[in-house]
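Trainee: I need the structure of the sequence given here:
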Amino acid sequence: MASEAWAALRDDATSSGAALPPEPHGAYDDLWPLLSVEAQQSVARGDVTIAELLERMTSAEGSELCPHCARRPVRNPRVGLCNACATTALACAHNETIRELEATRAYNTAKQRLKRLREELDVPAPGRHGRIDDRKDRHDA
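Mentor: Model (predicted):
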């Protein structure tokens, strides 16, 4: 699995003209699939070695690398990410909330249009016949 990922990175990097270090081998092969694509590319470019990444992540200082990007230390302990990744995740969550609210608004607008059209045409809503009377009967019993 690691060799396939490395081959894909090698194709990307060699097409850009960047020289790549030899394929990873040894004790860190199991860690390769766990790294983010950005971290794998950093290793492939030679910016950092897997051993250096592991050392940063487990340093005695307690400043772990962000598990999402593996570039910056965790600065937002509440979510366990660096500030850039935490802010990006927060923006995504807000955008999702906006999309949900816009969908709700569109739904409510459609319901209101249907209600007004039924009132104009004096057509009752389906399934509502006798519903009010049923409630009265239940309370009286």
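Trainee: Surely S36 touches C69?
Mentor: Yes: with contacts defined as C-beta atoms under 8 Å, S36 counts as touching C69 at a distance of 6.1 Å. Where you see a C-beta, it was placed from the backbone N, CA and C, and this is true even at glycine.
Trainee: which helix of the chain spans the most residues?
Mentor: The longest helix of the chain (DSSP state H) is helix 83-121.
Trainee: Low-confidence regions, the protein specifically.
Mentor: 1-28, 56-63, 128-141 (pLDDT under 70).
Trainee: Helices of that one, residue ranges please.
Mentor: 2-15, 37-45, 50-57, 83-121, 131-140.
Trainee: Just the buried residues of the longest one, please?
Mentor: The one in question is helix 83-121. Using 16 or more other C-beta atoms under 10 Å as the test for burial, helix 83-121 gives 85-86.
Trainee: Need the phi and psi values for L35.
Mentor: phi -80, psi 150 (degrees, to the nearest 10).
Trainee: Which residue, neighbours along the chain excluded, lies closest to it?
Mentor: A70 (6.3 Å; C-beta to C-beta, 6 or more residues apart in numbering).
Trainee: Could you double-check that that neighbour lies in contact with L53?
Mentor: Yes: A70 is in contact with L53 according to C-beta under 8 Å; the separation is 6.2 Å.
Trainee: neighbour count winner among these two?
Mentor: Taking other C-beta atoms under 10 Å, A70 and L53 do not tie; A70 has more neighbours (22 against 19).
Trainee: which ones are touching that one?
Mentor: 35-36, 38-39, 42, 53, 57 (C-beta atoms under 8 Å, 6 or more residues apart in numbering).
Trainee: are any of these buried, and which?
Mentor: The buried subset of the contacts of A70 - by 16+ other C-beta under 10 Å - is 35, 39, 42, 53, 57.
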